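S.K.: predicted model, plus sequence, below.
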Amino acid sequence: MKTRPACHSGKRMSFNFIASVIILLILTTLPSPTPSFALSLSDSASLDWSALTMTGINFSLSNLTQQQIANVGTFGGPQASTFTFSNDWSTGTVSATLPSLGNVTANLSTTAVDSSLSVFSNEMFATGQAARNVTITALNTGVLTVSIPFQVHDQGPISSDWSSFTSATLQFVAGGGTISFADGFTLQHTNDSLGATGETKTGVASISIPMTQGEVGSLNFDTREIVTVPEPETFWPLAVGLVLVGFVHRLFRSNTSTMAAISHILEMVASSMDMVSRVGRCSLI
């Protein structure tokens, strides 16, 4: 039986190790294919201000305030923001837009408190809010009932790695700062699928607040949307590299020449890139 010289075996092992390292370096520095998204997300929330009712006791209102937030941006890229605050219940609409990427609107009027947003690309975040606040003082003892109709709506299509929070709420904060009563509705999504039809919730937010004469509290009417749509991480180069590192040893143990082995490896790399790219497009669209 013939025995290979130790030096020859050592050179082969050294070459195999170097080849393995080169493969990993090449694959981990190649750009990962960017997934293609069929992405369109729209969230909205509204309170019907024209149908607001406050009954049960006599009261006075003071310290009227309101705020609007519209913010949309890309992670590490451009963003647009608008914020307003006023010591009254004036009317107006603010918006923030990134053309072809997303937009946000917050509206305060005599008939509605509402906000909405839309995003059309991955690697994005957006926030919308419209809110009104008021201090209420009870002029006699009894139960104050506050009611206002609401609607929240989320609509895709969107899936994979994303999250959203959409809400329309009514809150009463007692004099000590504790939220005593709250009602409304929230839609929440985390990494699930939302179709083009979407989902809608309508109803009437209503709270009943026992108050004694002279008691003071704060009412808050709020709509908001918060969305993040990060791009799913693609770690395929490392996975393909690990497979090829194992495969290269088989190639060099055989009678395959060095150049033929390298040629075969490069063909596998190209084939793997194309395969993962196609799989990514099919699974994410």
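M.R.: Looks like it came in fine.
S.K.: unless I'm mixing things up, A106 is touching T93, no?
M.R.: Yes - at 7.0 Å, A106 counts as touching T93 under the criterion of Cβ atoms under 8 Å. In this view, the C-beta of every residue, glycine as well, is placed from N, C-alpha and C.
S.K.: grab the nearest non-local neighbour of T84.
M.R.: Of all residues not flanking T84 in the chain, Q68 sits nearest, at 4.7 Å (Cβ to Cβ, 6 or more residues apart in numbering).
S.K.: where does the one you found land in three-state SS?
M.R.: State at Q68, reduced to three classes by DSSP: H, G, I helix; E, B strand; the rest coil: strand.
S.K.: what touches both of A106 and T93?
M.R.: When contacts are counted by Cβ atoms under 8 Å, 6 or more residues apart in numbering, A106 and T93 are jointly contacted by Q68.
S.K.: compare those two and say which is more crowded by neighbours.
M.R.: Remark: of A106 and T93, A106 carries more neighbours, 31 against 16, as counted by other Cβ atoms under 10 Å.
S.K.: so for that one, what's the pLDDT?
M.R.: A106 carries a pLDDT value of 97.
S.K.: try L47
M.R.: For L47, the pLDDT comes out at 97.
S.K.: the closest residue to it other than its chain neighbours - how many residues pack around it?
M.R.: In space, and not counting its chain neighbours, L47 is closest to V113: 4.4 Å by Cβ to Cβ, 6+ apart. Applying other Cβ under 10 Å, we find 27 residues neighbouring V113.
S.K.: then the helix or strand hosting V113 to CSV, C-alphas only?
M.R.: Assigning secondary structure by DSSP states H and E places V113 in strand 112-119. Provided in CSV are the C-alpha atoms of strand 112-119 (Å, rounded to 0.1, in the frame of the first residue of the first chain):
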residue,chain,number,x,y,z
ALA,A,112,-63.7,65.0,13.4
VAL,A,113,-60.5,64.2,15.2
ASP,A,114,-58.7,61.9,12.8
SER,A,115,-55.3,60.7,11.6
SER,A,116,-54.1,58.4,8.9
LEU,A,117,-50.9,57.1,7.2
SER,A,118,-49.8,55.1,4.2
VAL,A,119,-46.4,53.4,3.5
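S.K.: give me the contacts around it.
M.R.: With Cβ under 8 Å, 6+ apart as the test, strand 112-119 has contacts from 39-50, 68, 70, 72, 101-107, 126-132, 221-225, 227, 229.
S.K.: mind giving me the ChimeraX command for buried ones among these?
M.R.: Entered in ChimeraX, the line below selects the buried ones among those, by 16 or more other Cβ atoms under 10 Å:
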select :39,41,42,43,44,45,46,47,48,49,68,70,72,101,102,103,104,105,106,107,126,127,128,129,130,131,132,221,222,223,224,225,227,229
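S.K.: quick one: which of the contacts of strand 112-119 sit in strands?
M.R.: Members of the contacts of strand 112-119 lying in strands (criterion: DSSP state E): 41-48, 68, 70, 72, 102-107, 126-132, 221-225, 227, 229.
S.K.: what residue ranges in the stretch 1-150 of the chain score low on pLDDT?
M.R.: Low-confidence segments of the stretch 1-150 of the chain (pLDDT under 70): 1-38.
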